[in-house]
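Asker: predicted coordinates and the sequence they were generated for:
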2 protein chains.
Amino acid sequence: MVVTDYKEAIRRANELRETSLKKVPNYIRDEDLPKNLGHYVLDVPEKVLTSREFEITQKYDATALVAALQSGKLTSTEVVKAFLRRATLASRLVNCVTEFLADDALERAAYLDAYFKEHGKPIGPLHGLPISVKDHIGMKGKVNSIGFCSMIDNVAEKDADILVLLRNLGAVFHVRTTQPQALFSIDTSSPLWGNTVTPYNRNLSAGGSSGGEGALIGMRGSVLGLGTDIGGSVRVPAAHNGIYGFRCSARRTPYDGICLSAGGSEQILCIVGPMAVSLRDCQLLLKTLEDAQPWSLDPYCLRMPWREVPKRRDFTIGVMWNDGIVEPHPPVKRVLKEAVAKLEAAGVKLKEWTPYEHKKCWEIIAALYWIDNGKVDFKAMEASGEPWYPLTKWILPENEYAKDRTIAENCAIVVERDQYKKEYLRRLNEAGVDFILCPATIGAAMPIQKARSWAYTAQWNLLDYPAIVFPAGQMDMEKDKKDETYVPKSEEDKYFYDLYEPEVFKDAPVGLSLVGRTYYDEELASALEVVQEILAE
Amino acid sequence: MVVTDYKEAIRRANELRETSLKKVPNYIRDEDLPKNLGHYVLDVPEKVLTSREFEITQKYDATALVAALQSGKLTSTEVVKAFLRRATLASRLVNCVTEFLADDALERAAYLDAYFKEHGKPIGPLHGLPISVKDHIGMKGKVNSIGFCSMIDNVAEKDADILVLLRNLGAVFHVRTTQPQALFSIDTSSPLWGNTVTPYNRNLSAGGSSGGEGALIGMRGSVLGLGTDIGGSVRVPAAHNGIYGFRCSARRTPYDGICLSAGGSEQILCIVGPMAVSLRDCQLLLKTLEDAQPWSLDPYCLRMPWREVPKRRDFTIGVMWNDGIVEPHPPVKRVLKEAVAKLEAAGVKLKEWTPYEHKKCWEIIAALYWIDNGKVDFKAMEASGEPWYPLTKWILPENEYAKDRTIAENCAIVVERDQYKKEYLRRLNEAGVDFILCPATIGAAMPIQKARSWAYTAQWNLLDYPAIVFPAGQMDMEKDKKDETYVPKSEEDKYFYDLYEPEVFKDAPVGLSLVGRTYYDEELASALEVVQEILAE
C-alpha cells in the first residue's frame, strides 16, 4: 500500500524505532547520558556501559569475537546483548538505527549458545557474531521503505540471499541501520529518520548512503555490518566514521533480495560490501561468504571463491592527489601526503597517477544510474508529498546527466562506458600501476546535506574496481589551515573550497582509498595490509 | 558508407571472395572436382588433395597439430597451405567462406617458421596453428558487413581482442567464414553469400549463425575455429556438421571487437566459443586463451583462468528428452536413447530432467534480444533494399515477443529473467543434477531456411549455462522412420513434425548437448570426456 501522507509515514518510522528500542534489555535512555555532550562522542560509551559490556564491544574486532565465541570464551547471548545495548547508545548519539532486532537476535543467540553447549562446537565460522544490516537489505517480514515515506508500508517478502547465507554461517542480525531519502546520496538524511551524524563531530554528516552502518560501527554498536555501494555508499561513510569499507568487485557477493525502487537496471551494478572496524574483518566476511558458494544459491554471483594470496611488497602504487575535478580539503591532502612520505621512505614503488577524464566518467555513470530518468523514484517521492531534500534534488531533478533518453541513446552510453573502462585499463597497464592510492572523498566528513559530488568514489563503481577505504588520520586544527591562495578551477571546485573552514571540521576522521583492478580484491586487501604496516610504523 | 543497392553489395561480396580465393596457392577449381557429386561430400577431399595434404588435414586435430608444429615435425607453412587448399575445396562444396586470407596467413606462417628455426622453440602454445574465424569477428582493415548488404563497405578498424591474444599465442588466421543475413539465425543463408550447407547432406542447412565455421570444420578446411553464440550459433552448426561446439559461460572469452549492428545491449550476452573436431581442441583453445589473462586486455572478461579439474564419474546427469515445446525428430530421439542406455549400463547416475517452462524462457530471451525492437537492424535491412529472407522475417518483424517497449517494460523483463534463472537453479539443486544431457536441437540438420525455433539452444544462453554439442550419431534410414502415430502438441510442434521425412535427412549427423552450471565449464568438459569414453565403448 502506498502511504500518501508523509507525516504519517514519519510517525510510523519513529514508532517502529521506539517500539523496537524498548525491547532491548536495559536500553540506554536519554537520562542515562552524560550531561553537556559535545560534538565528539567516542568517549561516551566507556562512561555509560558496564565495564564488561565496554570490554566486549571495544576490545574485539569481529575476527577476535568469532575466535572467542568459537572457543566458548564468550557466549553469543552476552555478546549480542552488549552490542544491542551499545547500539541503543549509538542511536541516541548519532541517530544511526531504523530498527532494533532484540527479540530475533536474542532468540537466535540463545539457540546458538544451546547448540554450542550440546555439540561442543560452533554452528559455523561466524557462530554467534552480531552483524548490523543497512535498512534496504531485505529481511523477511520487516518494513522496507527504500528511503521513501510513501513506501513505509512495504514489507520484504523474503530474506536477502546474503542474509540467508550469513545466518547459516552463524551470524546474528541485531540492528537495521539508517539510509538517506530515496537511497541515492552520500549523506544520510531523510524525513523518515532525520540526520545521521559522525561520532567524531556530530555537526557533520556520517556520509552515506550506508551512513547508519558507518556511524553505528564508528560507535562500535556493531563491529561488522553490511552496506551497499553503487557510487560510494560503503566507502564514504567508512571514511567519515573512521572505519573500513570494502567495495568489492561486482557480483562477488549475492545481491538478490536487496530492496530497490526499480529493478532490472544493470548498467551500473550495486554491491553489498562489508563495513568493519578492521581490515581483516572485511576479509573474514568476504572469505566466509564466498566459501559458502553463493553462486549455488544466486546465479547473479560469480563463481569466485576468495583466494589466499601471498603477501608481497613489490607492487607499484599510483598516487592520485586529486581527481582533476575537485581539490580535496586540506586534512585529506595532508594525510595523503604523510602516507605517501612513509611509503616512499619504506621503499614502496610509487608513481604519480593522473586521473584520466574522471569528469567524463561521472557524466557516464550519472546518466546510467537513471536510464529511465528516475521515473519510479519521482513517483515514490511524489506519492506521499514528502519534501525533496537538497541532495535528493541534486541527484534527480537537478542532475543534468539524467534525461529522458531513448533506448538507443542509453545503449550508446553503455558503449561509451565500455570504451572508457578499456582505455582506463590500458593506461594502468602502460603505467605498470597495480593499485591506486587516493583520497576516499573530498573532505574529512562533510556538513550535513552538502555532499554534492560523488566523483571520487563513483569512479571506481563505473570501472568496477575494488576499493577499500581505511582510516588514515584525523583533522588537525594546527596543520589543516585553509589555503587562502588556492584558486578554484571550476564552480564545483569553488563550492567545496568555500565549504572548508577548519573549525567546522574539528576532529573529523580522514579516510584514504586503496583501489585495485577488477577481481583483484584479494591482492588489494593484501596490499593494504602491507601499506598499513608501513603507515603504522 | 551505406551501400544502397543490394545487388551491388552482393557483387562486391562475391568479388572479394573470388579475388581472395585466387591468392590461395593451387586453389581448387570447379574442374578439379569429381564429376556427379552427390549430397554427401565428406569423401571428396581424399580424391582431390595430395596425400600429404590429406594427411595433414585429416589425421590431426588441433592439439596434435600443435604438438607436431612445436616439435618441428611440421612447419606452419605446409600446414597453413594444406588447410587453405582444403578450405577452397570446402568453399566449392558447401559454400562456407567469405574471404580467404592467404597472403596474411602465409606471411605469418613464414615468420613463425623462421622464428622456430632461429630460436629453436615455438612462439607460443598455438605456434603455427591455422584457425578459422567467423566473418563478424573484427579483423583490422577487413570488410565487416555483419550480414547486411548495406554494410558491405564497413571495414573493421581494429582486430578483435580475441584475435590479438590468439595471434600472440601463435595462431594463424587463414579463412573467414559465412554467417546469415542480419546474423540472427540458426541457419546460414544470405543474399551476400548464398546458402551454407552441411557436407553430410548438401540439401540441408549447415545450421547457423556460425554455419560457415561449422561446414568448414566439418569438411576439415580447418580443425579449430571461432564462432559466436547468443542463441545457439556455435552449437547448432556444430550439431549439423558432426563437430564440437562449446558455448562457454559468458565473459570467459574476450568480446571486444566483435562487430555488431547495435552495441550496448547487455541483457543477453553473446560469447565467442570454439568449434573444433575434438573436445580437447575446445579445451585447448579456452585454456590457452584464459592462461593469457584476457581480463588484463578486456575489462569485460572475467578473471577466471581455466582450471584443471579431476576426472570423476560420480556426477548425476539429468536426461531431458524434449524441451516441452517441440518433439525432436526421430534420429535425435533414437541417438539420445542409445546414449542414455549406454550410460545407464555403465552405471552413470541418471535422472529424468523435466524442462521447467522453456517456453517462458524463450519468450523472455526473444524479447531481450531486441530491447529496441530491432530498429537498427530494420534500418540496416532497408537501406539496401535487400530481400527479407524467411528466417530474418521470423526473428524480427514476425517475432511476437519483440516489441516497442518502454525502458521500464524492458527492465521488468530483466527482473523476470533473473527470477527465472534463480528458479531453474533451485530446481537443479533440488534434483541434485550436475549436468543435463539433451538434444542439441530438434533435428539431424534442417532443410534450408526452415529452422524456426531456437529454444533448444537459446535456453542455455538465457541461463548462461555452458553447453557443449558433440557428435553422437547419424541419421539411419532403417531406424529413423517417421512416427505416424505422433499427435503434435502445438502448431509449432506440428511444423517440425511435418518437416520430417526420412529421405530428406539422409546421412545427416546428430549432435547431443551436455549442459552444465554457470562457470562450471571445466567440470562440464571433463564430464563429457567421461561420457564420450562410455559412448565409444
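Answerer: Cool, got the structure. Numbers count the residues shown, from 1 in each chain, chains lettered A, B, ... in the order given.
Asker: biggest helix in chain A by residues?
Answerer: If you go by DSSP state H, chain A has its longest helix at helix A:407-431.
Asker: so what touches stretch A:284-297?
Answerer: By Cβ atoms under 8 Å, 6 or more residues apart in numbering or on different chains, the surrounding residues in contact with stretch A:284-297 are A:62-63, A:66, A:124-126, A:161-162, A:164-166, A:168-169, A:224, A:246, A:248, A:252-254, A:274, A:276, A:301-306, A:521, B:425, B:429, B:518-519. Placement of C-beta: from N, CA and C, glycine included.
Asker: tell me what the helix or strand just after the longest helix of chain A is packed against?
Answerer: Sequence-wise, the next helix or strand downstream of helix A:407-431 (DSSP states H and E) is strand A:435-439. Strand A:435-439 is packed against strand A:316-319, helix A:330-345, strand A:509-515, helix A:521-536, with contacts defined by 3 or more Cβ pairs under 8 Å, 6 or more residues apart in numbering or on different chains; DSSP states H and E.
Asker: comparing those, which comes out most buried?
Answerer: strand A:509-515 (a mean of 27; mean count of other Cβ atoms under 10 Å in any protein chain shown).
Asker: now that strand against helix A:330-345, angle please.
Answerer: Comparing the axes of strand A:509-515 and helix A:330-345 via axes from the mean of the first three to the mean of the last three Cα atoms, to 10 degrees yields an angle of 50 degrees.
Asker: next, give phi and psi for the residue nearest the centre of chain A.
Answerer: By Cα atoms, centre = their mean, the mean C-alpha position of chain A lies nearest to A:Val234, the distance being 2.1 Å. Dihedral pair for A:Val234: phi -90, psi -40, per degrees, to the nearest 10.
Asker: what angle do the longest helix of chain A and strand A:435-439 make?
Answerer: Relative orientation of helix A:407-431 versus strand A:435-439 (the same axes, to 10 degrees): 110 degrees.
Asker: and chain A, which residues reach chain B?
Answerer: By Cβ under 8 Å from any Cβ of the partner chain, the part of chain A that sits against chain B consists of A:256, A:262-267, A:295-300, A:302-304, A:371-372, A:375-376, A:406-408, A:410-415, A:418, A:421-422, A:424-425, A:429, A:463-464, A:518-520.
Asker: is there a quick ChimeraX command that grabs whichever of those are buried?
Answerer: With 16 or more other Cβ atoms under 10 Å in any protein chain shown as the burial test, the buried ones among the residues of chain A next to chain B are selected in ChimeraX as follows:
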select /A:256,262,263,264,265,266,267,295,297,298,299,300,302,303,304,371,372,375,376,407,410,411,413,414,418,421,422,424,425,463,464,518,519,520
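Asker: give me the residue from the stretch 351-500 of chain A nearest chain B.
Answerer: The nearest approach of the stretch 351-500 of chain A to chain B comes at A:Cys411, 3.0 Å away (Cβ to the nearest Cβ).
Asker: show me where the stretch 1-150 of chain A has its helices.
Answerer: According to DSSP state H, counting those that start in this stretch, the stretch 1-150 of chain A carries its helices in the segments A:6-21, A:44-48, A:51-58, A:62-70, A:76-94, A:102-119.
Asker: oops, could you answer that again for the stretch 351-500 of chain A instead?
Answerer: For the stretch 351-500 of chain A, helices defined by DSSP H, counting those that start in this stretch occupy the ranges A:358-368, A:375-384, A:390-395, A:407-431, A:455-463, A:491-499.
Asker: ok, which of those comes nearest A:Ser91?
Answerer: Proximity of the helices of the stretch 351-500 of chain A to A:Ser91 was assessed by Cβ to Cβ; the nearest stretch is helix A:390-395, lying at 22.5 Å.
Asker: what residues of the closest one count as buried?
Answerer: Judged by neighbour count using 16+ other Cβ under 10 Å, the buried positions of helix A:390-395 are A:Pro390, A:Leu391, A:Thr392, A:Trp394, A:Ile395.
Asker: same list (these) but as TSV, adding distance to B:Phe470 and pLDDT.
Answerer: Supplementary listing: these in TSV, determined by distance: Cβ to Cβ, whole Å; pLDDT from 0 to 100:
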residue	distance to B:Phe470	pLDDT
A:Pro390	62	98
A:Leu391	57	98
A:Thr392	56	98
A:Trp394	57	97
A:Ile395	52	96
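Asker: contacting residues around the nearest residue to A:Trp460 once chain neighbours are set aside?
Answerer: Counting by Cβ to Cβ, 6 or more residues apart in numbering or on different chains, the nearest residue to A:Trp460 once its immediate chain neighbours are dropped is A:Ala467, at 4.4 Å. Under the criterion of Cβ under 8 Å, 6+ apart, the contact list for A:Ala467 reads A:Arg235, A:Phe246, A:Arg247, A:Thr457, A:Trp460, A:Ser513, A:Leu514, A:Val515, A:Gly516, A:Leu524.
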